[in-house]
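Asker: below are the sequence and a predicted model for it; my questions follow.
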Amino acid sequence: MRVPLLDLSEQYRALSEEIRAAIDEVLASQRFILGPKLEEFEKAAAAYCAAPYGVGVSSGTDALLAVLMALEIGLGDAVITPAYSFFATGGCVARVGATPVFIDIDPDTYNISAKALKRYIEKYCHQVEGKLVNENRQIVVALIPVHLFGLCCEMSEMLAIAREHNLLLIEDAAQAIGAEYPLDRGPAKAGTMGDAGCFSFYPSKNLGAAGDAGLVVCRNEQFADRLRICRQHGMEARYQHQFIGGNFRLDELQAAILKVKLPRLDHWSASRREAAMFYTNEFRRVRLEGKIRLPVEPYAKSGLTNHHIYHQYVIRSSQRDELRQHLAGREIETAVYYPLALHEQPCFEYLGYKPGDFPEAERAARESLALPIYPEISREAQQYVVKCVAEFF
Ligand SMILES: Cc1ncc(COP(=O)(O)O)c(C=O)c1O
């Protein structure tokens with residue numbers, strides 16, 4: 001039995017008429033850039049996230065980049081990110097000329113560790129005139145927690161740290177649209193707790209476009225306006241450039257497709273969660289829990305529906321590569337997110353980190369394995385995956 005990592009063909013079949021109609025409408029209008037579909041999608045997506053403002057951009061990467069540029073973060077600034085994430089989180093910090101400062105992760109959730117972050121600040125930073133200055137005399141201006149695999153970071157801790165040290169809080173919610181977190185003041189959605197939230201609609205995401213697309217949500221109207229200017233090369237009046245931005249626009253075709261898909265997102269995330277529960281229960285039933293490490297659900301007791309949206313179902317094993325090969329031999333597709341921690345990437349050598357600096361991120365890069373998960377995955381396919389994992393052990 002062949003089990004792909006992701007198969008969205010059934011999802012498309014169910015929506016193809018609506019999607020084609022939406023595409024036809026855009027083609028008939030011949031309005032492709034900054035038109036009504038973008039506005040409609042921005043409003044709908046912001047409302048879905050319960051965020052006052054949504055600004056469509058060209059990708060999740062460009063969401064991060066536009067936010068950093070609009071906040072004028074650059075040379076001499078340091079920005080804290082987890083040592084384990086998709087490259088864009090650290091890459092965008094470096095692209096604006098700032099220095100990424102990596103922090104180790106929590107081995108259970110794969111998200112930035114609040115404990116490790118506090119340790120870094122205590123050990124290496126000091127306050128100078130209300131600013132946090134690090135060991136390299138850079139001003140630590142922002143913190144970018146990443147809600148990896150569809151699970152929110154410990155946002156109460158992140159918010160407290162950001163408040164105490166006057167840091168901007170930018171959420172990389174690329175993998176977590178709709179994921180909820182139990183703040184003391186009540187439930188909050190990924191991307192809406194900090195100063196800005198960045199989303200990706202890369203086709204494989206829980207909400208995927210038919211190409212690249214992204215979104216920034218925020219609470220501040222002036223900042224939303226600045227982002228809209230930033231996504232047009234910093235241009236407010238025609239050919240008058242107030243500051244340096246880029247071409248970060250989300251086009252009408254993608255916006256129209258995303259608008260059709262958005263109302264189904266919660267249903268798809270619920271189906272992913274059901275599939276995840278099925279895996280977890282089956283792995284426990286066949287007594288594999290000690291052999292592999294299963295995903296955790298730290299906010300399950302909060303009563304929030306989307307406490308985890310399972311963008312990925314990630315297990316861990318010290319025999320990861322052998323297990324992966326075994327599954328590939330049985331036509332089961334898996335993926336490694338990510339084979340290197342960020343400080344191990346050749347392009348970040350200049351930052352001077354050494355092996356062993358972030359042991360949990362390094363271990364996760366060696367041990368994590370994403371199993372097939374998508375809303376329409378059959379229980380039969382999942383049972384086959386569990387059987388083949390059991391067979392390996
Ligand atoms: C955590 C994280 N950040 C940023 C991005 C960048 O998004 P995009 O691929 O849309 O540029 C991704 C997407 O893969 C991601 O997973």
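Answerer: Looks like it came in fine.
Asker: which residues does the closest residue to residue 54 other than its chain neighbours contact?
Answerer: Leaving aside its chain neighbours, residue 54 sits nearest to residue 46 (3.2 Å; criterion: C-beta to C-beta, 6 or more residues apart in numbering). For every residue, glycine as well, the C-beta is placed using N, CA and C. Shown in contact with residue 46 (C-beta atoms under 8 Å, 6 or more residues apart in numbering): 52-54, 217.
Asker: for stretch 158-178, give the mean pLDDT please.
Answerer: Confidence over stretch 158-178, taken as the mean pLDDT, stands at 98.
Asker: nope, stretch 244-260 is what I was after
Answerer: Within the predicted structure, the mean pLDDT of stretch 244-260 is 98.
Asker: tell me the buried residues in that stretch?
Answerer: The neighbour-count criterion (16 or more other C-beta atoms under 10 Å) identifies 245-246, 248-260 as the buried residues of stretch 244-260.
Asker: inside helices: which ones of these?
Answerer: In this view, these that belong to helices under DSSP state H are 252-260.
Asker: how far away is the residue of the chain found nearest the ligand from residue 126?
Answerer: Each residue of the chain has a distance to the ligand, by C-beta to the nearest ligand atom, and the smallest belongs to residue 60, at 2.4 Å. Residue 60 sits 34 Å away from residue 126, taking C-beta to C-beta, to the nearest Å as the criterion.
Asker: between these two, who's got more neighbours?
Answerer: Looking at residue 60 and residue 126 with other C-beta atoms under 10 Å, you find the greater number of neighbours at residue 60, namely 27 against 11.
Asker: can I get stretch 267-283 in CSV, CA atoms only?
Answerer: Below are the C-alpha coordinates for stretch 267-283, written out as CSV (Å, rounded to 0.1, in the frame of the first residue of the first chain):
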residue,chain,number,x,y,z
HIS,A,267,-13.0,21.1,9.5
TRP,A,268,-9.7,20.1,8.0
SER,A,269,-7.8,20.8,11.2
ALA,A,270,-10.3,18.7,13.1
SER,A,271,-9.8,15.8,10.7
ARG,A,272,-6.0,16.2,11.1
ARG,A,273,-6.5,16.1,14.9
GLU,A,274,-8.6,12.9,14.6
ALA,A,275,-6.0,11.3,12.5
ALA,A,276,-3.3,12.3,15.0
MET,A,277,-5.3,10.8,17.9
PHE,A,278,-5.7,7.6,15.9
TYR,A,279,-2.0,7.3,15.4
THR,A,280,-1.3,8.1,19.1
ASN,A,281,-3.9,5.6,20.3
GLU,A,282,-2.7,2.9,17.9
PHE,A,283,1.0,3.4,18.8
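Asker: centre of the chain to it, how far?
Answerer: On the basis of C-alpha atoms, centre = their mean, to the nearest Å, stretch 267-283 is displaced by 19 Å from the centre of the chain it belongs to.
Asker: how about that stretch, which residues are buried there?
Answerer: For stretch 267-283, the buried set under the neighbour-count rule, 16+ other C-beta under 10 Å, comprises 268-273, 275-276, 278-280, 282-283.
Asker: anything in stretch 164-171 near the ligand?
Answerer: No. Applying C-beta under 6 Å from any ligand atom, one finds stretch 164-171 separated from the ligand by no less than 10.3 Å.
Asker: buried ones in that stretch?
Answerer: Under 16+ other C-beta under 10 Å, the buried positions of stretch 164-171 are 165, 167-171.
Asker: next step: those residues restricted to helices.
Answerer: Among those, the members falling in helices (DSSP H) are residue 165.
Asker: write out the residues of this protein neighbouring the ligand.
Answerer: If contacts are counted using C-beta under 6 Å from any ligand atom, the residues of the chain sitting beside the ligand are 59-61, 85-86, 88-89, 146, 172, 174-175, 200, 202, 212, 214.
Asker: the helix or strand hosting residue 277: what's the following helix or strand?
Answerer: For residue 277, the element it lies in under DSSP states H and E is helix 265-285. Moving toward the C-terminus from helix 265-285, the first helix or strand encountered (DSSP H and E) is strand 313-316.
Asker: mind giving me the packing neighbours of that next one?
Answerer: Judged by 3 or more C-beta pairs under 8 Å, 6 or more residues apart in numbering; DSSP states H and E, the packing partners of strand 313-316 are helix 265-285, strand 368-371.
Asker: kindly recompute the last result at 10 Å.
Answerer: Using 3 or more C-beta pairs under 10 Å, 6 or more residues apart in numbering; DSSP states H and E as the contact test, the elements touching strand 313-316 are helix 265-285, helix 359-367, strand 368-371, helix 379-392.
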